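Colleague: just a sequence and a predicted model for now, questions to come.
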Amino acid sequence: KVHGDKHPSVAREYNNLAFAYNSQGEYEKAIEYINKALTIDLKVQGDKHPQVALRYDNIGATYRNQGEYPKAIEYFKKALNMYRLFYEPQHPQIETCLANLEYSESKLR
């Protein structure tokens, strides 16, 4: 073990695995691996960090892809609120997350 299982590099690899599962339509596996990454990030970075916001954003995107719009909205809102702590309103992370939130909300109308 070079880094140990609680290192940010391990979280990044879990996130990469989640992305692969998501792209294959294996959403439950994707959520599982993003949550593993999130757990590490929360321990290492704390609960207010851009990386944590990104994990929430990725969970929201996975739920959106799965058609679970209420859950997607929940996580996009968490991500957006946290992104706003770190970035200006025109930052791409905020704009993308806001677009994903609006899309998910539109699916419930």
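Modeller: Noted; the coordinates are in hand.
Colleague: now Ile40: closest residue in space, sequence neighbours ignored.
Modeller: Ala11 (3.9 Å; CB to CB, 6 or more residues apart in numbering). (Each C-beta comes from the backbone N, C-alpha and C, glycine too.)
Colleague: so the one you found versus Leu42, what's the distance?
Modeller: 10 Å (CB to CB, to the nearest Å).
Colleague: higher neighbour count, these two?
Modeller: When neighbours are counted by other CB atoms under 10 Å, Ala11 and Leu42 differ, and Ala11 comes out ahead with 25 against 15.
Colleague: tell me the mean pLDDT for the helix or strand containing the more buried one?
Modeller: Using DSSP states H and E, Ala11 sits within helix 8-23. Predicted confidence along helix 8-23 averages 95 (mean pLDDT).
Colleague: Tyr103: how many residues sit nearby?
Modeller: Look at Tyr103: counted by other CB under 10 Å, it has 14 neighbours.
Colleague: and it, what element?
Modeller: helix 92-106.
Colleague: contacts for that helix next, please.
Modeller: 50, 53-54, 57, 60-61, 64, 69, 72-73, 76-77, 79-80, 83-84, 87-88 (CB atoms under 8 Å, 6 or more residues apart in numbering).
Colleague: tell me which residues in that helix are buried?
Modeller: 93-94, 96-98, 100-101, 104 (16 or more other CB atoms under 10 Å).
Colleague: now the buried members of the contacts of helix 92-106.
Modeller: 50, 53-54, 57, 60-61, 64, 69, 72-73, 76-77, 79-80, 83-84, 87.
Colleague: for Arg84, see how far away Leu38 is.
Modeller: 19 Å.
Colleague: an error on my part: the question was meant for Ile31.
Modeller: 24 Å.
Colleague: repeat that for Leu108.
Modeller: Distance, Leu108 to Arg84, by CB to CB: 23 Å.
Colleague: please apply the same query to Leu101.
Modeller: Taken as CB to CB, the span from Leu101 to Arg84 is 12 Å.
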